[in-house]
Every structure is written in C-alpha cells, then in structure tokens.
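[1] just need the structure, nothing else, for what follows:
(one chain, ligands or ions: 1)
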Amino acid sequence: MSKAIGVFDSGVGGLTVVRELIRQLPNEDIVYFGDTARVPYGIKSKDTIIRFSIENILFLLKQEVKLICVACNTVSSIALPVISSHFRVPIVGVISPGAREAVYATKNKRIGVIGTKATIASRAYESEITALDANIKVISCACALFVPFVEEGWINERAVFDVAKRYLEPLKKSGVDTIILGCTHYPLLKGVIKKVMGGGVTLIDSAKQVACEVKQILSRDGLLESNPRPLKAFYVSDGPAWFSGLAKRFLGHSIKNVTKVSLT
Ligand code: DGL
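    Next up is the predicted model:
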C-alpha cells in the first residue's frame, strides 16, 4: 500500500492547504488531522502549542505517513523550530515557503505579515524574511477577528471590510507592496484584503507555496505516487459535524468520511 501525505492543523483551516495539495499532487493519498477539540491555537501559549503539535504528529505517524505537512501557521511558527529535528519523517511548515515567495515578490522591499496573535508574536516570518534579505522591512499585524469571521461565513460583509480596514492600516501606511496571508483562514478573505489594500499589492498564499515545497521534497526523495484513485481520510478530535459543515468552504467540496479520534 502506498504511504500518504499527513497534514495537520488546529482545526478546519488546514483544508486550504489540502485543497492546494490535491491541485498540485492529484494522485497522492492524504490523511488529515484537525484538532477541533482544542482549536484555536492562535491564542495559546508556546508550551501548549508545542505539546499539542507533538501529539498531532504522533497520531499521523501511527497512520504511517511519508511526510508531514503542518498546515497551521501558528504551529509552524511556534512549535516547528523546536520539534521538527526530533522526528525522522520530513516535516514541512508554511513559514519558509511563504517567506521565500514574498521575498521574491516584493519590489520595494516592504512586506506585510498578518496572522494570529501567536504567529505574529513569534516573529517567525520576520526572522525568515530578514535572513533571506536583511534590507527588507517587515510590518506585522495580528488580525484575531479574521478566523471567527471566516468560520461564520462572513467573507464579503461590510463589517469584515471595516475590521480589515482597521487591522491593515499600519500596513497601508508603511506602503507594503506584498502581504503574506499567514493564517490558514486568510486566503478566503483575499477579496476584502485586496479591496482595502488596493490592487497593486501582491497577496502571498502560503497554502500554494507549501504544496509546491511538498511536491519538491517528494520528488527529490523519489516518493511521488501516481495512484489513479487516491484516498483521502479526515480525522478530528471532536464531533465531526462542525468540521464537515465548514469543510466545503475551505476545501471547495464537501466531505463525508470524517472520523473522530482520541489522541490520549
Ligand atoms: N490554523 C491557525 C493558523 O493558521 C488558525 C486558527 C487557530 O488559531 O487555531 O494560524
């Protein structure tokens, strides 16, 4: 049996990454774990995020995955630098691919980063960007209300526009020409963010970049599959109904096979 790509996130948002993985790697089996019992991670402490992340990785390893893709920006920025070297399986986070793409895209060397409180406080994107080019100025801002808006299905409402205007003001003022959407949920708010920032700003969707990196690693290691009927399995740590109900918005199609598991 072929080995699957393992993906995990704090909840449902990581399905934006699964969507890209399916687009770029249509013949791969995918096992997804969403920690819906403990979401959101974006307001939790470093120790807690690290502990949850290790448990999630151990669950995916039991499914015998060949690579783990950390779809969650919060986990990628807080836990990965500490834990990834402790596992033998390749673990890919969203920070480096997003940062690299933004450095490539910016012309005026001003990059905005938006994410959860924990992601922004970690300064992970900032360190990655300035390590690539020390002349780039990074302006970061946490947009805590974006996650609940997206989960409520409020994508184009006036209220979202007003909140986005307020959050993005420092980025607008500092004249960034590139913004990293540093949270699983933010690609769904691209329209509103574009409207606030104006058409000249490039939005970097870390989901696209991380899928690219996964493809490169699998190809480099000779692990690409050409399964004509690839399997997709979805596991959650709380009742599947909430996850299934939101899945279509993030994945583009609905899913039925969602299984509740206990990590302890
Ligand atoms: N998945 C998280 C992220 O990308 C957002 C939701 C949460 O706070 O857990 O940072």
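
[2] contact partners for Glu126?
    Each residue near Glu126 by C-beta atoms under 8 Å, 6 or more residues apart in numbering is listed here: Val113, Val138, Ser140. (Each C-beta comes from the backbone N, C-alpha and C, glycine too.)

[3] which SS class is the second one?
    Put simply, Val138 is strand when judged by DSSP: H, G, I helix; E, B strand; the rest coil.

[4] re earlier: out of the contacts of Glu126, who has the most neighbours?
    Val113 (30 neighbours; other C-beta atoms under 10 Å).

[5] return the per-residue confidence for that one.
    As predicted, Val113 sits at a pLDDT of 98.

[6] is it bridged to anything, and to what?
    Here Val113 sits in beta bridges with Ser140, Ile180, going by DSSP bridges.

[7] Three-state assignment for Leu218, please.
    helix.

[8] gap between it and Phe161?
    40 Å (C-beta to C-beta, to the nearest Å).

[9] please apply the same query to Gly175.
    For Gly175 relative to Phe161 (C-beta to C-beta), the value is 21 Å.

[10] looking at the two, which is more packed in?
    Phe161 (16 against 12).

[11] ok, the more buried one touching Lys195?
    Yes. Here Phe161 reaches Lys195: they are 6.5 Å apart, a contact under C-beta atoms under 8 Å.

[12] name the nearest of the contacts of Glu126 relative to the ligand.
    Val113 (11.9 Å; C-beta to the nearest ligand atom).

[13] residues touching that closest one, list them.
    Ile120, Tyr125, Glu126, Ile129, Val138, Ile139, Ser140, Cys141, Ile179, Ile180, Gly182.

[14] including distance to Lys66 and pLDDT, could these go into JSON lines?
    Shown next, in JSON lines, are the contacts of Val113 (distance: C-beta to C-beta, whole Å; pLDDT from 0 to 100):
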{"residue": "Ile120", "distance to Lys66": "32", "pLDDT": "97"}
{"residue": "Tyr125", "distance to Lys66": "27", "pLDDT": "98"}
{"residue": "Glu126", "distance to Lys66": "32", "pLDDT": "98"}
{"residue": "Ile129", "distance to Lys66": "30", "pLDDT": "98"}
{"residue": "Val138", "distance to Lys66": "34", "pLDDT": "98"}
{"residue": "Ile139", "distance to Lys66": "38", "pLDDT": "98"}
{"residue": "Ser140", "distance to Lys66": "34", "pLDDT": "98"}
{"residue": "Cys141", "distance to Lys66": "36", "pLDDT": "97"}
{"residue": "Ile179", "distance to Lys66": "33", "pLDDT": "98"}
{"residue": "Ile180", "distance to Lys66": "28", "pLDDT": "97"}
{"residue": "Gly182", "distance to Lys66": "27", "pLDDT": "96"}
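
[15] which among those gets closest to Val12?
    Gly182 (17.3 Å; C-beta to C-beta).

[16] hmm, that closest one is touching Tyr125, no?
    Yes. Between Gly182 and Tyr125 a contact is recorded at 5.9 Å, counting by C-beta under 8 Å.
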